[in-house]
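Trainee: Next one to model:
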Amino acid sequence: MISPWRSPLPLEEYTASQVVVYFYSGRWIPIMFCRLAEAIALHHRASSSGKELFIFPPEVNPSDSSHSLH
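Mentor: You can find the predicted model right below:
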């Protein structure tokens, strides 16, 4: 899935914030909760392996149709 969204790197004060890492394969699959800094590192490792992960704040569920991701 290719996302048109691009986000700048977070400010230092937000790197300890909790996030949820998701994988998309026909449906959204939550993988883990972790700190934003860890999620960014995981995203980079996955990208270098040809995998794509998505990072969302805990209150956003991409499977929920009330959150439009398109």
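Trainee: Low-confidence bits of this protein, can you list those?
Mentor: Counting by pLDDT under 70, the ranges of the chain that qualify are 1-11, 65-70.
Trainee: Any idea which residue is closest to the centre of it?
Mentor: I55 (0.9 Å; C-alpha atoms, centre = their mean).
Trainee: just the helices in this protein please.
Mentor: 36-48 (DSSP state H).
Trainee: ranges for the strands of it?
Mentor: Here the chain has its strands, by DSSP state E, at 18-24, 28-35, 53-56.
Trainee: contacting residues for the residue nearest to the centre of the chain?
Mentor: 19-22, 36, 39-40, 43 (C-beta atoms under 8 Å, 6 or more residues apart in numbering). For every residue, glycine as well, the C-beta is placed using N, CA and C.
Trainee: beta partners of it?
Mentor: V21 (DSSP bridges).
Trainee: And E52, its phi and psi?
Mentor: Recorded main-chain torsions at E52 are phi -120, psi 120, according to degrees, to the nearest 10.
Trainee: S49: how many residues sit nearby?
Mentor: By other C-beta atoms under 10 Å, 8 other residues sit near S49.
Trainee: Could you check how far it is from F56?
Mentor: 21 Å (C-beta to C-beta, to the nearest Å).
Trainee: Ok, P62 next?
Mentor: Per C-beta to C-beta, P62 is found 6 Å from F56.
Trainee: One more: A16?
Mentor: A16 is 17 Å from F56, by C-beta to C-beta.
Trainee: Which one of these two is surrounded by more residues?
Mentor: F56 (17 against 10).
Trainee: That one contacts Y22, correct?
Mentor: Yes. F56 is within contact range of Y22, at 6.3 Å (criterion: C-beta atoms under 8 Å).
Trainee: Spit out the residues that contact those two alike.
Mentor: In terms of C-beta under 8 Å, 6+ apart, F56 and Y22 are both contacted by the residues P62.
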